[in-house]
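S.K.: Fold the following for me, if possible:
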Amino acid sequence: MARYLALGKEPSFGQEATSLKYVDIASEDLRTDQEWIIPELAGSRWKKHAVMGPARVRGSVSTYAQFSSVGDFLLAALGHVSTSQPDPDAAPTVFRHEFRPADSLPSYTLMVASEVTGRKFLGCLCSRLELTLSAGELLGLTFELVGRKEEAFTPSEPEFDGTPYISSSDLVLCEIGGSSASLEALALTISNDLADDAFELGSRYLPEIPVKGLEVSGSFDLKFKDRAHLDRFLAGGETSLRLRFEGPEIAGGLGYAFELEMPRIIYRAAGANISARDRLVEKVEFEALYDEGAGYVIKAVLQNEEVGY
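M.R.: Predicted structure coming up:
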């Protein structure tokens, strides 16, 4: 039996998903956090009673981004997607998906299978999605979550995503402030502040997981060759960041593509430090802000053969 992760969007919070996407993951550490109610009593020095208290699911999944399954993680982290066809006549199998932040997030069912057992996690919301990329590597993806409860299931044979992996050589465009930039490494984190302690009387499990704030932040490394980024940081200036990855052609001259756009970012740190005779590499840390003109903090666009998410 293959080891795998399967995930699917739930029709309502905690109700098991009926359609699943199988992902060939690198690792996972999903678990149930079980609290215990242990009263302190006067009759003796030792603890004698324990009652099961609140329980919730926590943990993360690590894998590498593919041109199809990365969309499931983007929707989980941002909450909204709209789908269109760029050329329905010449390329009827190509679809374009645009992801943006929403006021609410969908819940997911996650299933983890091994040769020993199957573990099912219901009512899972994304607390953090991190994308990382270094020169000569694949685009790494870490998905952290909070969920309602865990159950058992019987694993079946998976059908993994067959679309190409996204690698550093697929990056065809990187613009900072509208000007081309050559990066050596990049990290992007989408963090959702979740109310994971909103329990109600009558149940040990969360009835819902309310969504609070959103933060989009990251960093990039590049050769330190001038003061442009350092001066922007010291002056408190704003800029923008746009990335585009392209994969093989699908049909009608259209191929796999993945774009990330943040129209308004500020720097939280910038500059390069000296270490013996090592080459100077500048590390810039940034945070994305809401742009009134664009109408979003971050936008992700994915082009593939998926009809919808």
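S.K.: Would you list the phi and psi of Tyr234?
M.R.: Not quite, residue 234 is Leu, not Tyr. phi -70, psi -30 (degrees, to the nearest 10).
S.K.: That one - how many residues pack around it?
M.R.: Applying other Cβ atoms under 10 Å, we find 12 residues neighbouring Leu234. (C-beta placed from N, C-alpha, C; glycine too.)
S.K.: Going forward, the N-terminal residue is numbered 40.
M.R.: Noted, 40 is the first residue going forward, which turns the last one into Leu273.
S.K.: From Glu321, how far off is it?
M.R.: To Glu321, Leu273 is 13 Å away according to Cβ to Cβ, to the nearest Å.
S.K.: Please apply the same query to Tyr43.
M.R.: Noted for Tyr43: a distance of 40 Å to Glu321, by Cβ to Cβ.
S.K.: how much space between the residue in the chain sticking out farthest from the centre and Trp75?
M.R.: Largest separation from the mean C-alpha position in the chain: Gly82, at 50.9 Å (Cα atoms, centre = their mean). Distance of Gly82 to Trp75, computed by Cβ to Cβ: 19 Å.
S.K.: Phe259 too?
M.R.: Distance from Phe259 to Trp75, by Cβ to Cβ: 45 Å.
S.K.: Also Glu176?
M.R.: Distance, Glu176 to Trp75, by Cβ to Cβ: 43 Å.
S.K.: Asp111 falls within a strand, correct?
M.R.: No. Counting by DSSP: H, G, I helix; E, B strand; the rest coil, Asp111 falls outside a strand, being helix.
S.K.: Distance check, it against Phe199.
M.R.: In terms of Cβ to Cβ, Asp111 sits 13 Å off from Phe199.
S.K.: ok, these two, which is more surrounded?
M.R.: For Asp111 versus Phe199, neighbours defined as other Cβ under 10 Å are more numerous around Asp111 (21 against 13).
S.K.: What residues does the more buried one make contact with?
M.R.: Taking Cβ atoms under 8 Å, 6 or more residues apart in numbering, we find Asp111 in contact with Leu46, Lys48, Lys60, Val62, Tyr348.
S.K.: Among the residues you listed, which ones are in strands?
M.R.: Leu46, Lys48, Lys60, Val62 (DSSP state E).
S.K.: can you give me the helices in the stretch 40-189 of the chain?
M.R.: 109-117 (DSSP state H, counting those that start in this stretch).
S.K.: what bits of it have low per-residue confidence?
M.R.: Under the criterion pLDDT under 70, no range of the stretch 40-189 of the chain is flagged.
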